[in-house]
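> here you go, sequence then predicted model.
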Amino acid sequence: MLELLEGKNVNLRIVEKEDLPLLSEWFNDPEFTGRYNPFDAQKSRIETEKKYDKLTSEERWFFKENKDGSKVGFLGHFPQGRFLEIGYALIPSERRKGHCAEAVKIMVDYLFLSKEIVRIQAYTDTRNTASQKVLEKAGFKREGVARKSMFVRGEWRDRYLYSILRGEWKEPKTLTKTTS
């Protein structure tokens, strides 16, 4: 089973059951989820474990790790019909360092190398310019606006839909190796 995806500056490591207390702590921290995400990501450790136990090969959770092994963020992919959607978040002290784009590129490489898919997509709040830059650096293209598509902190917000197609990707950009 895949355990680690190595990039030049960061790694992605599959979340294991023993990691769930940290993940649950992050999901329940409004600073981690950020001002652009709804509070409904908050779940108890037991709810997080139940969700984890139901994950399939089309839905997987990863930690973003620095090269020293410190866990600094979360990335996940999940099915949306015949393609996959990704989502990610970083601890506040790791934001705006430029490493999230590499982590997303690693995820894109991994998904196109291991899954028979033609498209990967992601949504971001129209006000979240940092996330938009991450996606654009990773080769995603903005497709349009999903109007009033997410209820966040008492208001309906617009989100941009981004995607990258297999034909636009062509070959690995960042992934240096996988270990198992």
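Yep, it's here.
> which SS state does the closest residue in space to residue 32 that isn't next to it in sequence fall under?
Spatial nearest neighbour of residue 32, chain neighbours left out: residue 26 (4.5 Å); criterion: C-beta to C-beta, 6 or more residues apart in numbering. C-beta: built from backbone N, CA, C; applies to glycine. On the three-state scheme (DSSP: H, G, I helix; E, B strand; the rest coil), residue 26 is labelled helix.
> can you give me the buried ones in stretch 115-133?
With burial defined by 16 or more other C-beta atoms under 10 Å, the residues of stretch 115-133 counted as buried are 115, 117, 119-125, 128, 131-132.
> what does stretch 90-105 give?
90-91, 94-95, 99-105.
> try stretch 71-84
Neighbour-count burial for stretch 71-84 flags 71-77, 83-84 (criterion: 16+ other C-beta under 10 Å).
> and for stretch 22-37?
Across stretch 22-37, burial judged by 16+ other C-beta under 10 Å covers 23-24, 26-28, 32-34, 36-37.
> re earlier: which one of the buried residues of stretch 71-84 is nearest residue 42?
Using C-beta to C-beta, residue 74 is the member of the buried residues of stretch 71-84 that sits closest to residue 42, with 13.9 Å.
> got the residue ranges for the helices in this protein?
Here the chain has its helices, by DSSP state H, at 20-27, 30-33, 45-53, 99-114, 129-137, 166-169.
> thanks a lot, see you next time.
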